[in-house]
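Student: Provide a 3D model corresponding to the input given below.
(one chain, ligands or ions: 2)
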Amino acid sequence: MEHVSDQFKFLSFTDDLDELEIGCEMVNIITDGWQEGPVAAVLRGGLNAQAVLDVLAKAKVKNLVIFHLEEKIPHLEDVFLSSVVAPAHEMFDSVTINWRRDQSIWHLIKSISSDYSMLFLGAPLSISEIKPLYAKVKGAFAGSLTIVRGPLRDLEFDESDEIYKWIRARTFDASDFSVSSVLRNYKKKQGVKIVAILPSLNEENTVGKVIKTALDVKNVGLIDEVVLIDSGSTDNTVDIARSYGIPVYQHAEIEAQLGTYHGKGEAMFKSAFVTDADILAWVDTDIENITPRFFYGLLGPLLAYPEIKFAKGYFSRPVRVEASGIELGGGRVTEILARPWFSTFMPQLSGYIQPLAGTVAIYKDALLKMRIPANYGVEVAMLAQAVENLGLWSTCQVNLGEVIHKSKDVIGLSEMSFQIMQVLAELLEVNNRGNNLFRRVISAHGRFEMHAKRFPVTWRRY
Ligand SMILES: O=c1ccn([C@@H]2O[C@H](COP(=O)(O)OP(=O)(O)O[C@H]3O[C@H](CO)[C@@H](O)[C@H](O)[C@H]3O)[C@@H](O)[C@H]2O)c(=O)[nH]1
Ligand SMILES: O=C(O)[C@H](O)COP(=O)(O)O
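Tutor: Ligands and ions are numbered 1, 2, ... in the order given. Below is the predicted model of the structure:
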């Protein structure tokens, strides 16, 4: 039990929680008080869950009952297994783990309310979330509640860290902005015109629903225009889009005198020429589970906070089972390339949860000051320049919920990563000696083959 700390501080939920001790050794216990009877802990895993175990061991609880809501992404279960299940078996005489699949944590807590007189939870990330969490749990659980906040072990930053502060203040949830009348009011007050731009390349299965959803949001007055910018689809995408009566453009034909390039960035660059709106909001057309939330959520912060000029969506991605039978969690390029790159070279961007997301909204005057790469580097290039030109605090991210969209195979992702890396290198003015040749050596049946493809970055300027 190496991780048991001697420093426990007790507070009640009526105390001022600014009194919480922050430090490498402190365990803060915010509690209704001890009550005789059976004890349960509802735990997800991580430092605070581990601190709950410390507190219960110190309180000489012998038989521990733990409830755990199964994670949607199975590899997150590793955190629970290593930080809770393994140590709990060493610390207590008997441990019962109840793996649950309730609809939500509140359903779970309600269902055990009459069986336990004390409930222990790990604290949420931010101190300001503790009292709202308490109020919510008390609506479901009648007994005594204790929320434990563990020591800040292994964290090199504290709550005065700028990225941490930015995340707390500039990360929104789409549900914060779901009341259309409120948003319409903000929109009117700011006197802005908004266009939803839907980029497409062979999206016949999903494009119709995305357009219909955008039009629903237009009908309630939040969006003024919906346009589709196609990159030369060869399926029925364009016919489907036209059947909704919205303007449909081929990106190659927009401002044809500027020439044309392949790529999503090119479609986004050309978007600025087809509208006189003040705010441009792009939403990908391959999203299977599109809802108005994507549009409200993305636009909400820009309308409600005039100082915010750029918003990027983020989302959770359910695990997909590939044809190979292999289960994949989402965001492979994000986790393997973008996040490590940002933490190494561009730490000011490291608070972004989905830096590659294509759901983005920006004021047009800010867009016109940017240079836009024609390829898949467009999202990171826009993000980096938004933060550089406008300042981190004029940018934000919004949780749009869960996204289900088609996934590239590993070669597709590898090429996308190469494009993104080339763009990031150019943004940092790293001299890569014009090396944009991407080589892939393949060994099969005792022979080697060399495949090589060039991915030059074309920067577009307004
Ligand atoms: O030349 C193109 C290529 C794609 N698309 C559309 O752009 C969207 C996203 O493209 P996709 O190839 O599905 O991207 P992902 O593999 O999902 O890549 C993720 O990461 C990219 C790089 O950050 C972003 O551009 C994407 O929006 C984001 O979903 C879809 O609606 C496509 O139809 C175009 O309009 N033109
Ligand atoms: O955002 C990413 O990292 C890429 O779009 C890949 O996502 P996926 O691993 O969910 O397919």
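
Student: near ligand 1, which residues of the stretch 351-462 of the chain?
Tutor: 356, 358, 376, 378-379, 405, 408 (CB under 6 Å from any ligand atom). From N, CA and C alone the C-beta is placed, and that goes for glycine too.

Student: which one of the residues you listed has the most neighbours?
Tutor: Neighbour counts for those, by other CB atoms under 10 Å, peak at Val378, which reaches 28 neighbours.

Student: Give me the nearest residue to it, chain neighbours excluded.
Tutor: Gly265 (3.2 Å; CB to CB, 6 or more residues apart in numbering).

Student: re earlier: and the residues of the stretch 351-462 of the chain next to ligand 1 as a markdown table, adding distance to Asp230, secondary structure and pLDDT?
Tutor: Below are those laid out as a markdown table (distance: CB to CB, whole Å; DSSP: H, G, I helix; E, B strand; the rest coil; pLDDT from 0 to 100):
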| residue | distance to Asp230 | secondary structure | pLDDT |
| --- | --- | --- | --- |
| Leu356 | 21 | coil | 96 |
| Gly358 | 15 | coil | 97 |
| Tyr376 | 17 | coil | 98 |
| Val378 | 16 | helix | 98 |
| Glu379 | 19 | helix | 98 |
| His405 | 17 | strand | 85 |
| Lys408 | 19 | coil | 88 |
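
Student: of those, list those near ligand 2.
Tutor: For ligand 2, the contacts drawn from these by CB under 6 Å from any ligand atom are Leu356.

Student: Next secondary structure after the helix or strand hosting the residue nearest to Val378?
Tutor: Element membership of Gly265, judged by DSSP states H and E, is helix 264-271. Later in the chain than helix 264-271, the nearest helix or strand by DSSP H and E is strand 279-282.

Student: Next secondary structure element downstream of that following strand?
Tutor: As assigned by DSSP H and E, the chain's next helix or strand after strand 279-282 is helix 292-304.

Student: average pLDDT for whichever helix or strand comes after that next one?
Tutor: Helices and strands here follow DSSP H and E; after helix 292-304, the next one along the chain is strand 310-316. Mean pLDDT, computed over strand 310-316, is 92.

Student: Check which helices and strands strand 310-316 sits against.
Tutor: Applying 3 or more CB pairs under 8 Å, 6 or more residues apart in numbering; DSSP states H and E, we find strand 310-316 packed against helix 292-304, strand 360-363, helix 378-390, strand 395-402.

Student: same thing but at 10 Å, please
Tutor: The contact analysis (3 or more CB pairs under 10 Å, 6 or more residues apart in numbering; DSSP states H and E) places strand 310-316 against strand 171-173, strand 279-282, helix 292-304, strand 360-363, helix 378-390, strand 395-402.

Student: Tally up the residues packed near the residue nearest to Val378, please.
Tutor: Neighbours of Gly265 (other CB under 10 Å): 26.

Student: what does the one 4 residues further on give?
Tutor: A total of 28 residues lie near Phe269 under the criterion other CB under 10 Å.

Student: Please report how far it lies from ligand 2.
Tutor: Applying CB to the nearest ligand atom, to the nearest Å, the value for Phe269 to ligand 2 is 20 Å.

Student: residues touching that residue, list them.
Tutor: Contact analysis of Phe269 by CB atoms under 10 Å, 6 or more residues apart in numbering lists 229, 251, 254-255, 258, 261, 263, 367, 370-374, 378, 458-462.

Student: Next to ligand 1, which bits of this protein? Give me the list.
Tutor: Within the chain, the residues that sit near ligand 1 (CB under 6 Å from any ligand atom) are 199-201, 203, 231, 263-264, 267, 284-286, 356, 358, 376, 378-379, 405, 408.

Student: Over in this structure, which residue gets nearest ligand 1? Let me know.
Tutor: The nearest approach of the chain to ligand 1 comes at Gly358, 2.1 Å away (CB to the nearest ligand atom).

Student: isn't that residue right up against His405?
Tutor: Yes. Using CB atoms under 10 Å, Gly358 is in contact with His405, at 9.3 Å.

Student: Would you mind grabbing the residues shared as contacts by the two?
Tutor: With CB under 10 Å, 6+ apart as the test, Gly358 and His405 both reach 284-287.

Student: which two in these are spaced the farthest apart?
Tutor: For the shared contacts of Gly358 and His405, the farthest-apart pair by CB to CB is Thr285 and Ile287; their separation is 7.2 Å.

Student: what residues are shared contacts of the two?
Tutor: By CB under 10 Å, 6+ apart, the residues touching both Thr285 and Ile287 are 198, 203, 206-207, 209-210, 358, 405.

Student: avg pLDDT for the helix or strand harbouring His89?
Tutor: Using DSSP H and E, His89 falls within helix 86-91. Regarding helix 86-91, the rounded mean pLDDT is 94.

Student: Helix or strand next in line after it, which one?
Tutor: strand 94-100.

Student: That next one: partners in the sheet, and parallel or antiparallel?
Tutor: strand 63-69 (parallel) (DSSP bridges).

Student: Can you tell me which of the shared contacts of Gly358 and His405 has the most neighbours?
Tutor: Neighbour-wise, those (other CB under 10 Å) top out at Thr285, 30 neighbours.

Student: What separation do you get for that residue and Tyr261?
Tutor: According to CB to CB, to the nearest Å, Thr285 stands 20 Å off from Tyr261.

Student: Start and end of stretch 20-31, how far apart?
Tutor: Taking CA to CA, to the nearest Å, the first and last residues of stretch 20-31 lie 13 Å apart.

Student: same check, this time on stretch 365-372
Tutor: OK, stretch 365-372 end separation, CA to CA: 14 Å.

Student: one step back: can I get the shared contacts of Gly358 and His405 in a markdown table with pLDDT?
Tutor: Formatted as a markdown table, these follow (pLDDT from 0 to 100):
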| residue | pLDDT |
| --- | --- |
| Asp284 | 97 |
| Thr285 | 98 |
| Asp286 | 95 |
| Ile287 | 95 |
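
Student: sorry, back to before: for the residue nearest to Val378, what are its contacts?
Tutor: With contact set as CB under 10 Å, 6+ apart, Gly265 has these partners: 199, 372-379, 381-382, 419, 423, 457-460.

Student: Out of these, which end up buried?
Tutor: For these, a burial check counting by 16 or more other CB atoms under 10 Å picks out 199, 372-379, 381-382, 419, 423, 457, 459-460.

Student: so which of those comes closest to Gln50?
Tutor: Nearest to Gln50 among the buried ones among the contacts of Gly265: Glu379, at 35.8 Å, using CB to CB.

Student: And the closest one, how far from His445?
Tutor: Counting by CB to CB - Glu379 and His445 are separated by 39 Å.
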